[in-house]
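Chemist: coordinates for the following, if possible.
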Amino acid sequence: MRLKIVITLLFVTGYCNAQSSVTNYMRNLDKRVNLDIKQQPISEVLNKMSKAGDFYFSYSGSLFKQDSIVNIKAKDMQVRDVLDRIFNGKVDYKETGQYIILRYAANHLTIEPENITSAEKLYIISGYVVDTETGKKVKQASVYEKRLLQSVLTDNDGYFRLRFKGEHTEVTLTASKDSYRDTSLVFLADITVKPEGYVDEDSEQGGEFLNSIESSGISRFFISSKQRMQSLNIPDFFANTPFQASLTPGLSTHGIMSSQVINKFSLNILGGYTAGTDGVEVAGMFNITKGNVKKLQIAGVFNGVGGSVDGVQVAGVLNDVRTNSKGVQVAGLLNHVKEKTEGLQVGGVANVVSKDMKGIQIAGFGNLTSKNLNGMQIAGFGNMTSQKMKGTQIAGFFNYAKEMDGLQIGIVNISGRSDGYSLGLINYVHHGYHKLSFSTNETINANASFKMGNANLYNIILAGKNFADSANVETAGLGFGHDFVFSNRFSVAAEITSQYLYLGNWDYSNFLHRFQTNLQIQLIKGVSIFGGPVYSIYSTDAPEGSSGKGYKQNVAPTKHDYISKRAKGWIGWNVGITIM
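Modeler: Numbering: from 1, shown residues only. Modelled structure (predicted):
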């Protein structure tokens, strides 16, 4: 009964997308080229072959010495034969679309059957995988049937056993092992072919997936050594099926082949490991995907994706994408994308993008974009953009961008360069304003202030003291300003400040708010003078005569306006000097 259920789940409705495009043109390895090359490096020979045949080579830089010199003359010779002459059988070749993938494969395998059993709707094959040169049995080799999506690893004695349910006129076994050339062997029977679920036997998508999820992130703890070996042995074979179900990554309707299959719908009771999803994938705990995810992926704990995500990804704790993400990511703890992101990220604690972000990041604690941000970051604690930020950063405490073109709102805002606006208690621009001003006015005769930010919006930190025998005042406060720049020498500053006045005791609240406009004239580079009118509002809950001994009793001048019972206003003045 259990096998019948498995058979039902494994049905397939179409061929693999990669193969459908391949059958429309001549295989690149069969194309014929003409070459007459003397004393040129291998890399140049491969480049000329690819141009002559209208295809591309893909290979690791460590496959051969780039400066190795080659002499070769080929007239109307197939590409595979030219490659055999160049590499002398030490390199294996695989085709994927317009690419020929080269990989090291100096050794050769053979399959030696031991027992073949054929019964009604049952086919069993066992045997050994052997190194043809040494005669030794090869352990941890993958033996698989591409159409039926069944696979097994050889044991320490090189032994394998595969059992196929169904009616098959032939079964083609392929043996693969890292650093060996693949080998295939066809086993014939005399009954009708009714495969359980397959794509075309040459359906391969080599080079699309890098298997990075197997060696990085939390996902590596849930992938067994057998599954890692399987990916190493057969990195280029992928098939499409409409459905798969898993209890755990090792207990799947596709067995050990689950990491080679792309599914339309994937159901993982606890967790699963697949090649990709082009539809919907749901898991009680986790989804681990070697390649790409399209449309929807949901997990109770985490999603780990080695390729890219295009759609919606939801996890109770973590979403980890090793390349790009486009769409929506929602996680209870963290969203992490190793390359670029476009869309919306919502993280209960944090969102991390290792390259560019285009869209919106919302996090309970913090957001980090390691390169450029075009959009918005909102965080309970802090936002960081390591390169250029174009948009808005809003944080409960701090914002940072190396280059800021937009708006920052936070208690502390920091940037390297700024063409935007920073609104906060402290706004620091490394290549912006760092001005120290000394001034006097009608209320306090000695003031010092420090201005940080840029011409659009700068932050003012100020302190002052009124020196007098019987009218002392100490003050400190904050403010904001904007410079209207007319030329290198002339500008006008519009500033608002608010400061606390200490008048000999801490029993009462005394605040002075000033709205001032200063004409600024640069005398020499780094030195300016300024001056202009001010409208001041003094607000206090202190009764008359309550100031301490020696402190000013009446802050407002004789001529003033009554704004309210506790607030008075008047027109004053302000002059000073600025050092930059």
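Chemist: and residue 140, helix, strand or coil?
Modeler: Following DSSP: H, G, I helix; E, B strand; the rest coil, we place residue 140 in the coil state.
Chemist: quick one: it from residue 222, how far?
Modeler: According to CB to CB, to the nearest Å, residue 140 stands 20 Å off from residue 222. To be clear about C-beta, it is placed using only N, CA and C from the backbone, and glycine gets the same treatment.
Chemist: same deal with residue 130?
Modeler: Residue 130 is 33 Å from residue 222, where distance means CB to CB.
Chemist: can you count the residues close to residue 466?
Modeler: Residue 466: 20 surrounding residues under other CB atoms under 10 Å.
Chemist: and residue 251, by the same measure?
Modeler: Other residues within reach of residue 251, judged by other CB under 10 Å, total 14.
Chemist: return the per-residue confidence for it.
Modeler: For residue 251, the pLDDT comes out at 82.
Chemist: beta partners of it?
Modeler: residue 248 (DSSP bridges).
Chemist: ok, residue 157 - contacts?
Modeler: 128, 137, 139 (CB atoms under 8 Å, 6 or more residues apart in numbering).
Chemist: what of residue 485?
Modeler: 455, 491.
Chemist: okay, and residue 391 sits in which element?
Modeler: Assigned by DSSP states H and E, residue 391 belongs to strand 382-395.
Chemist: for the residue sitting nearest the centre point of the chain, give the beta-bridge partners.
Modeler: Closest residue to the average C-alpha location of the chain: residue 337 at 2.5 Å, with CA atoms, centre = their mean. Residue 337 has these beta-bridge partners by DSSP bridges: residue 321, residue 353.
Chemist: what is the neighbour count of residue 95?
Modeler: The local packing of residue 95 (other CB under 10 Å) involves 19 other residues.
Chemist: surely it and residue 31 touch.
Modeler: No - if you go by CB atoms under 8 Å, residue 95 and residue 31 don't touch, sitting 10.8 Å apart.
Chemist: tell me the mean pLDDT over whichever strand or helix holds residue 358?
Modeler: With secondary structure defined by DSSP H and E, residue 358 is part of strand 357-363. Averaging pLDDT along strand 357-363 yields 97.
Chemist: repeat that for stretch 468-485.
Modeler: On average, the pLDDT along stretch 468-485 is 93.
Chemist: give the buried residues for that stretch.
Modeler: 471, 472, 473, 475, 477, 478, 479, 480, 481, 482, 483 (16 or more other CB atoms under 10 Å).
Chemist: is it correct that residue 454 is in contact with residue 430?
Modeler: No - if you go by CB under 8 Å, residue 454 and residue 430 don't touch, sitting 10.9 Å apart.
Chemist: neighbour-wise, which of the two wins?
Modeler: Legend: neighbour count by other CB under 10 Å for residue 454 and residue 430, higher for residue 454 (21 against 11).
Chemist: how much space separates that one from residue 420?
Modeler: Counting by CB to CB - residue 454 and residue 420 are separated by 8 Å.
Chemist: same question for residue 478.
Modeler: In this view, residue 478 and residue 420 are 20 Å apart by CB to CB.
Chemist: just residue 558 next, same as before
Modeler: Separation of residue 558 from residue 420 (CB to CB) stands at 44 Å.
Chemist: out of the two, name the residue with the larger neighbour count.
Modeler: Between residue 558 and residue 420, counting by other CB under 10 Å, residue 420 is the more crowded of the two (23 against 6).
Chemist: just among the contacts of residue 157, which is most surrounded?
Modeler: The most crowded member of those is residue 128, carrying 20 neighbours; neighbours defined as other CB under 10 Å.
Chemist: buried stuff in the helix or strand hosting it?
Modeler: Using DSSP H and E, residue 128 maps to strand 122-131. Within strand 122-131, the residues scored as buried using 16+ other CB under 10 Å are 123, 125, 126, 127, 128, 129, 130, 131.
Chemist: any idea which of those is closest to residue 267?
Modeler: Residue 267 lies nearest to residue 123 out of the buried residues of strand 122-131, by CB to CB, at 28.1 Å.
Chemist: look at that closest one and report its pLDDT.
Modeler: Note on residue 123: pLDDT of 73.
Chemist: that one reaches residue 171, doesn't it?
Modeler: Yes - counting by CB under 8 Å, residue 171 is a contact partner of residue 123 at 6.0 Å.
Chemist: what segments of the stretch 101-250 of the chain are strands?
Modeler: 107-119, 122-131, 142-145, 150-153, 159-165, 170-176, 180-181, 183-188, 239-248 (DSSP state E, counting those that start in this stretch).
Chemist: ends of stretch 325-343, what's the gap?
Modeler: Across stretch 325-343, the terminal residues are separated by 8 Å (CA to CA, to the nearest Å).
Chemist: pull the distance from that stretch to the chain's centre.
Modeler: Put simply, stretch 325-343 sits 7 Å off its chain's centre (CA atoms, centre = their mean, to the nearest Å).
Chemist: fine by me, thanks again.
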